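[1] kindly return the folded structure for what I paste below:
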Amino acid sequence: MLMPTLAAALKLEIRRLAAKEIRRVVRPVGRVKKAMKALRLAQREQGRVLTGIERRLLRLRSRTLGGAQGSSAGGRLSAESIRSLRARLGMTRKQFAALLGVSPGSIFGWETGRTVPRGASRDRLAEIRKKGVRAVRSQAAAARPAGRRRRGAATAGGRGRRRQTTPEAA
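    Numbers count the residues shown, from 1 in each chain. Here you go, the predicted structure:
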């Protein structure tokens, strides 16, 4: 009966030593798994950050109208270039706005970099940049109305505003 007990003891000892050896070998694998998981999470986060940076870069490019869009406009249309163009033409914001067919507030937004010219305004700016100062000034003079009308002045029909009289007032 001693044999089964010795065999059982040997079996138990072998199991214990094998488990100990497996733990020793598997422990570094667990550390590697944890490190890989941390790296995957870091990679995901860096991907998000990179996507955000790319979006901001695209916004900045569209703001300064560089790249393909800006090439049709004869270069970049940054806030500084719009401001220097207006200064070179010697125009006020109001005159420049009338020339482009936009509001003076739009010109202010473009020159401060808060907004960018889009569509037809960008195309008109490109045309103005291509022309000389004299040509633009003559174009602005031709576009300017002869004189401002006062409130209550005669309308296109030839009559001004008439005061309505009531029977009680008469």
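[2] so for the residue nearest the centre of the chain, what's the pLDDT?
    Most central in the chain under Cα atoms, centre = their mean is Arg59, positioned 3.0 Å from the mean C-alpha point. Looking at Arg59, its pLDDT reads 84.
[3] which residues touch it?
    Not one residue lies near Arg59 by Cβ atoms under 8 Å, 6 or more residues apart in numbering. (Each C-beta comes from the backbone N, C-alpha and C, glycine too.)
[4] gap between it and Thr92?
    Per Cβ to Cβ, to the nearest Å, Arg59 is found 30 Å from Thr92.
[5] next: Gly101.
    16 Å.
[6] longest helix in the chain, please.
    Criterion DSSP state H: the longest helix present in the chain is helix 2-64.
[7] chain center to that helix: distance?
    Chain-centre distance of helix 2-64: 40 Å, with Cα atoms, centre = their mean, to the nearest Å.
[8] wait, doesn't Ser62 sit right on Val116?
    Yes: look at Ser62 against Val116 with Cβ atoms under 8 Å: they come within range, at 7.0 Å.
[9] so for those two, which residue has more residues nearby?
    Remark: of Ser62 and Val116, Val116 carries more neighbours, 19 against 14, as counted by other Cβ atoms under 10 Å.
[10] do you know the pLDDT at that one?
    pLDDT, Val116: 89.
[11] buried ones in stretch 49-59?
    Residues of stretch 49-59 include none that count as buried (16 or more other Cβ atoms under 10 Å).
[12] okay, how far is it across stretch 96-115, tip to tip?
    One end of stretch 96-115 to the other measures 16 Å (Cα to Cα, to the nearest Å).
[13] can you list the buried residues in that stretch?
    Buried, per 16+ other Cβ under 10 Å, within stretch 96-115: 96-100, 102, 106-107, 109-111.
[14] so which of those belong to helices?
    Going by DSSP H, the helices hold 96-100, 106-107, 109-111 from these.
[15] okay if I get these as a markdown table plus distance to Leu77 and pLDDT?
    Output for these, formatted as a markdown table (distance: Cβ to Cβ, whole Å; pLDDT from 0 to 100):
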| residue | distance to Leu77 | pLDDT |
| --- | --- | --- |
| Phe96 | 14 | 89 |
| Ala97 | 16 | 90 |
| Ala98 | 19 | 89 |
| Leu99 | 15 | 88 |
| Leu100 | 12 | 88 |
| Ser106 | 13 | 92 |
| Ile107 | 13 | 92 |
| Gly109 | 13 | 93 |
| Trp110 | 8 | 92 |
| Glu111 | 11 | 91 |
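[16] sounds good, over and out.
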